[in-house]
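# Just the structure for this:
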Amino acid sequence: MTERKPPGVSFESWADKQIREATERGDFKDLPGMGMPLPESGDAYDDMWWIKGKMHREGLSYLPPSLALRKQAEDALEAARRAPSEAAVRRIIEDINARITAALHRPPQGPPLRLAPYDVDAVLRDWRLTHV
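Okay, here's the model as predicted:
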C-alpha cells in the first residue's frame, strides 16, 4: 500500500477501500497466528507492553540515570582493579568521581543515587596490593 490518499476523499472511506481491496486480493490469508488469541503473559495489564517487548527483542535496556550511574560506578571500580598502571587507576576513578559529583549537584532522576565519590588513594592502595 504505497499510494497516497486522494484529495477530497475522507480518510475513513479511503482506508476501508484499501482494506477491502487487500482482502479481495488475499493479502490477509495465511497470516501467522490468524484466528489465534493474542498471547497472554499472565501479568497485570501494562501500558508499556509493546515497548518493553520491542526493547527485549532488540536487546536494548533502559535504566533511570541514577541507576545507570550506579552501574557505571561499579564498572569503573572493576576497571580500576584491572588497570595496568597507577595513572590509569587515577584517571578511571577521577572520571567516575566527576560524574558522581555532577549527579549529586542536580536533582535526582529516578531512585536516589546513594553514591559518594571514591577515595582515589584508597583505591590505589587496594590496587597496589594486587599488583605488586
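
# Any figure for the gap between residue 59 and residue 118?
Between residue 59 and residue 118 the distance is 31 Å, computed by Cβ to Cβ, to the nearest Å. C-betas here are computed from N, CA, C, even on glycine.

# Who has more neighbours out of these two?
residue 118 (18 against 6; other Cβ atoms under 10 Å).

# quick one, what contacts that one?
73, 77, 93, 96, 97, 100 (Cβ atoms under 8 Å, 6 or more residues apart in numbering).

# now do 6 Å
When contacts are counted by Cβ atoms under 6 Å, 6 or more residues apart in numbering, residue 118 touches 93, 97.

# Where does pLDDT dip in this structure?
1-2, 11-12, 41-42 (pLDDT under 70).

# repeat that for 80
Residue ranges of the chain with pLDDT under 80: 1-6, 8-14, 34-35, 37-45, 61, 107-109, 132.

# ranges for the strands of this protein?
Counting by DSSP state E, one finds no strands in the chain.

# Counting neighbours, what do you get for the residue nearest to residue 97 when sequence neighbours are not counted?
Once flanking residues are discounted, residue 97 sits nearest to residue 117: 3.9 Å by Cβ to Cβ, 6 or more residues apart in numbering. Using other Cβ under 10 Å, residue 117 is surrounded by 15 other residues.

# For residue 91, see how far away residue 117 is.
Going from residue 117 to residue 91 by Cβ to Cβ gives 14 Å.

# so who does the residue nearest to residue 97 touch?
Residue 117 touches 97, 100, 101, counting by Cβ under 6 Å, 6+ apart.

# again with residue 113
For residue 113, the contacting residues are 66, 103, by Cβ under 6 Å, 6+ apart.

# mind redoing it with 10 Å?
Contacts here follow Cβ atoms under 10 Å, 6 or more residues apart in numbering; on that basis residue 113 touches 65, 66, 67, 69, 70, 73, 100, 103, 104.
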